[in-house]
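*Asks:* give me the fold of what follows.
(one chain, ligands or ions: 1)
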Amino acid sequence: MDWGKQNRMARILRPENGRGVWLAVDHGYFLGPTRKLEEPRKTIEPLLPYCEALFVTRGVLRTSVDPNTSTPIVLRVSGGSSVVGKDLADEGVTTSIREAIRLNATAVGLSIFVGSEYESQTLKNLANLVNEAEEFGLPVLAVTAVGKELEKRDARFLSLSCRIAAELGATVVKTYHCEGFEKVVAGCPVPIVIAGGPKMETELQVFEITYNAVQNGASGVDMGRNIWQNDSPLGMIKGIRAIVHENATTKQALEIYNSVKSGKLLPTGSETLWDLIQKQLKGFGFQLRQTKYGPISVFYDDKRILRIWLRKRFVSVKTDVPVKTGWTAIQDEKEMTKILDPVLKRLAKS
Ligand code: R5P
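*Replies:* Numbering: from 1, shown residues only. Now for the predicted structure:
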């Protein structure tokens, strides 16, 4: 793979585990202002720090996403049909590669509709897009769309669609989880991410399909409605992140979801201090950094501001802990609880 394309892929599927959590917010391109995506900026902003990529159209990108973001963009470049029109499958390529590059997209994505009246048209859209994107080292995401025929989502159909997408040159394929999903993965020589589809009844169902998909070889998710149509979008994305990046179980993901939704801390057990802190922070998008000061380094200043160095940034929080100036390592569970409680509460709400 060319350096540029490989580098772009490494931004959207983490090189250390080959996985990614992408947030899909492109639905308006055929659904209009669908529920909880009426004002895209409000939906996107709180979730942006928790995804490896945002799947979005150029219109929403320009109007509703902060250009200072460091989150990579997978730009949806197909469209031309609507939910009230004659056929959702009648799509063309709506956005040029030149425009994708102008927008600093990390990858481009479009839908293919295998088995539909527009099968050939959408497959040729993909092939032509790959031809153009390859010139610039832009990865191409192919979405194996089913339109309104959700019942089409079985292993036979999805295997066929995914394989065709890969054969035509897609760099990544987005499909649905299904019974026998491992066969879909086995027959597709490029990474697969899964969509969530319409909102499911329970959070556990969403965590289960995510868990099963990842266990069966998926590289992550490109999910929308089951995150942002939930009452706690942050809880959902943090639970999903834990499954995708930390190999958390569905039960652990649900615990994270509930703790975020309620603003309460996770229950603690008898783990070591290090395990305990790791567990508490799992799913919040933070990892502890081992430093010479100990497993977790804290810095107090004379304004009773506690700063904890986590992998990505300092977290600052006001604390009632007696003032000590300088770096220190947390020594025991009691001390950790006292110090971390306000931090975790804050993270849970953020
Ligand atoms: C559908 O074609 C849209 O492009 C969405 O990106 C996709 O379906 C994923 O979103 P959801 O998880 O809501 O199905």
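*Asks:* get me the contact residues on the protein for the ligand.
*Replies:* 24, 26-27, 55, 111, 143, 145, 195-197, 222-226 (CB under 6 Å from any ligand atom). For the C-beta atoms, the positions are set from N, CA and C on the backbone; glycine is no exception.
*Asks:* can you pick the most crowded of those residues?
*Replies:* When neighbours are counted by other CB atoms under 10 Å, D222 leads the residues of the chain next to the ligand with 29 neighbours.
*Asks:* could you check the pLDDT of that one?
*Replies:* Note for D222: predicted pLDDT of 98.
*Asks:* ok, E149 to R76 distance?
*Replies:* E149 sits 20 Å away from R76, going by CB to CB, to the nearest Å.
*Asks:* over to E151?
*Replies:* 24 Å.
*Asks:* how about the helices in the stretch 151-300 of the chain?
*Replies:* Ranges of helices in the stretch 151-300 of the chain, per DSSP state H, counting those that start in this stretch, are 155-167, 181-186, 203-215, 225-228, 233-246, 250-262, 273-281.
*Asks:* weakest of those helices by average pLDDT?
*Replies:* When those are compared by mean pLDDT, helix 273-281 comes last with a mean of 54.
*Asks:* L103 - how many residues pack around it?
*Replies:* 18.
*Asks:* thought L61 was touching it, still the case?
*Replies:* Yes - shown here, L103 and L61 form a contact pair, counting by CB atoms under 8 Å, at 6.1 Å.
*Asks:* intersection of neighbour lists for those two?
*Replies:* With contacts defined as CB atoms under 8 Å, 6 or more residues apart in numbering, the residues adjacent to both L103 and L61 are 73, 75.
*Asks:* and E149 and R76? Which one has more around it.
*Replies:* A direct count of neighbours by other CB under 10 Å for E149 and R76 places R76 higher, at 28 against 14.
*Asks:* may I have the phi/psi pair for that one?
*Replies:* In terms of degrees, to the nearest 10, the main-chain angles of R76 are phi -70, psi 130.
*Asks:* residue contacts, the nearest residue to it once chain neighbours are set aside?
*Replies:* Spatial nearest neighbour of R76, chain neighbours left out: D26 (4.2 Å); criterion: CB to CB, 6 or more residues apart in numbering. Residues near D26 by CB under 8 Å, 6+ apart: 55-57, 60, 76, 109, 224.
*Asks:* can you tell me which of these is nearest V84?
*Replies:* Among the contacts of D26, T57 lies closest to V84 (CB to CB), at 18.3 Å.
*Asks:* can you read off the pLDDT for that closest one?
*Replies:* Turning to T57, the model gives it a pLDDT of 98.
*Asks:* got it, and L37?
*Replies:* At L37, the predicted lDDT confidence score is 97.
*Asks:* look up how far I243 lies from the closest residue to L234 other than its chain neighbours.
*Replies:* Among residues not flanking L234 along the chain, V260 sits closest, at 5.4 Å (CB to CB, 6+ apart). Distance of V260 to I243, given as CB to CB: 14 Å.
*Asks:* likewise for Q215?
*Replies:* Here Q215 is placed at a distance of 9 Å from I243 (CB to CB).
*Asks:* between those two, who's got more neighbours?
*Replies:* A count of neighbours by other CB under 10 Å puts I243 above the other of Q215 and I243, at 28 against 12.
*Asks:* got the contact list for the more buried one?
*Replies:* I243 is in contact with 207, 210-211, 214, 249-250, 253, counting by CB under 8 Å, 6+ apart.
*Asks:* just to revisit the earlier point, among the contacts of D26, which pair sits farthest apart?
*Replies:* It's V60 and G109 that sit farthest apart of the contacts of D26, by CB to CB, at 13.6 Å.
*Asks:* restricted to helices, list the contacts of D26.
*Replies:* The helices, defined by DSSP state H, take in V60 from those.
*Asks:* now, among the contacts of D26, which is nearest to E135?
*Replies:* Closest to E135, out of all of those and judged by CB to CB, is G109, at 17.3 Å.
*Asks:* quick one, phi psi at the residue nearest to R76?
*Replies:* Backbone torsions for D26, taken as degrees, to the nearest 10, come to phi -90, psi 0.
*Asks:* do you know how far it is from A100?
*Replies:* Distance, D26 to A100, by CB to CB: 14 Å.
*Asks:* how about M9: what's its closest non-neighbour residue?
*Replies:* Spatial nearest neighbour of M9, excluding adjacent residues (CB to CB, 6+ apart): P139 at 5.5 Å.
*Asks:* for the ligand, see how far away the one you found is.
*Replies:* According to CB to the nearest ligand atom, to the nearest Å, P139 and the ligand sit 16 Å apart.
*Asks:* mind pulling up the pLDDT for that residue?
*Replies:* 98.
*Asks:* need the contact list for it.
*Replies:* Per CB under 8 Å, 6+ apart, neighbours of P139: 5, 8-9, 12, 106-108, 133, 171-172.
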